[in-house]
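[1] Model the following, please.
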Amino acid sequence: MRSILIKKVLWEMDALAPFRIPAAILKADEASYEWKLGPDFLAIFDEEHEGITGHFEVQMELHREGGLTTLEFNVQGIVDTTCDRCMVPIKMPIEADYQMVVKHGDPADSTDEVVFIDSDSSDLNVGQHIYDFILLSVPISHRIPDCDQMENSPCDTSILTYLSQNQVDEMPKGDKSESPWDDLKKQIDN
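    Numbers count the residues shown, from 1 in each chain. Below is the predicted model of the structure:
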């Protein structure tokens with residue numbers, strides 16, 4: 001069992017090699033990187049990867065001014081997922097921009113926006129950050145907006161019709177109070 005774990009860790013380390021930014025590049029005034037990623041990239045980090053697959057392009061621009069290195073990421077791609085409304089497979093386009101600042105210092109002080117690396121560190125691996133950026137780019141709601149208005153909608157129109165016919169516009173009005181706090185106020189008053 002131990003040898004399998006060691007092999008997996010070594011494979012993951014080797015799989016992340018394309019995402020290493022050498023220290024010499026981090027000291028440059030400007031640099032650019034581009035990655036084309038697929039489902040294999042997501043599988044490096046999590047075998048289930050939130051039920052998300054797809055193909056992505058990530059561009060990274062490095063800018064250095066003074067002692068401050070800024071990494072700007074642009075994530076674009078198509079996410080293969082299941083529609084939350086009609087449960088058919090859909091392809092959702094995503095695009096988002098992220099920024100990260102790299103400074104020299106104690107790596108334990110790193111935050112989401114500022115990454116500290118040791119002064120004697122040889123490189124910075126941005127693979128985990130790219131994975132996080134991809135997941136953050138995927139909307140919480142997995143559906144195509146206004147797909148019921150589209151001519152060639154990928155969604156199941158029979159389910160969308162059923163949902164629109166059975167949609168409740170207003171809560172039924174009855175003797176119950178609109179405020180959930182009214183019952184609590186009554187008990188406090190007694």
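[2] CA atoms for contacts and neighbours, from now on please.
    Noted.
[3] And the residue positioned nearest the centre of the chain, how close does it get to residue 45?
    Centroid-nearest residue in the chain: residue 135, 1.7 Å away (criterion: CA atoms, centre = their mean). The span separating residue 135 from residue 45 equals 11 Å under the rule CA to CA, to the nearest Å.
[4] Now residue 58. Nearest residue, chain neighbours left out?
    In space, and not counting its chain neighbours, residue 58 is closest to residue 75: 4.7 Å by CA to CA, 6 or more residues apart in numbering.
[5] in the sheet, who's paired with that neighbour?
    residue 58, residue 96 (DSSP bridges).
[6] so it makes contact with residue 93?
    No. The criterion here is CA atoms under 8 Å, and residue 75 misses it with residue 93 at 10.6 Å.
[7] Now do the contacts for the nearest residue to residue 107 once chain neighbours are set aside.
    Spatial nearest neighbour of residue 107, chain neighbours left out: residue 116 (4.7 Å); criterion: CA to CA, 6+ apart. By CA atoms under 8 Å, 6 or more residues apart in numbering, residue 116 lies in contact with 102-110.
[8] go on, residue 79?
    52-55, 91-94, 138.
[9] Mark which of the residues you listed are part of helices, please.
    Taking DSSP state H, every one of these sits outside helices.
[10] Turn these into JSON lines, including distance to residue 64, neighbour count and pLDDT.
    Putting the contacts of residue 79 into JSON lines (distance: CA to CA, whole Å; neighbours: other CA atoms under 10 Å; pLDDT from 0 to 100) gives the following:
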{"residue": "52", "distance to residue 64": "34", "neighbour count": "15", "pLDDT": "75"}
{"residue": "53", "distance to residue 64": "34", "neighbour count": "19", "pLDDT": "84"}
{"residue": "54", "distance to residue 64": "32", "neighbour count": "18", "pLDDT": "90"}
{"residue": "55", "distance to residue 64": "30", "neighbour count": "17", "pLDDT": "94"}
{"residue": "91", "distance to residue 64": "37", "neighbour count": "18", "pLDDT": "87"}
{"residue": "92", "distance to residue 64": "34", "neighbour count": "18", "pLDDT": "87"}
{"residue": "93", "distance to residue 64": "31", "neighbour count": "17", "pLDDT": "90"}
{"residue": "94", "distance to residue 64": "28", "neighbour count": "15", "pLDDT": "92"}
{"residue": "138", "distance to residue 64": "29", "neighbour count": "19", "pLDDT": "88"}
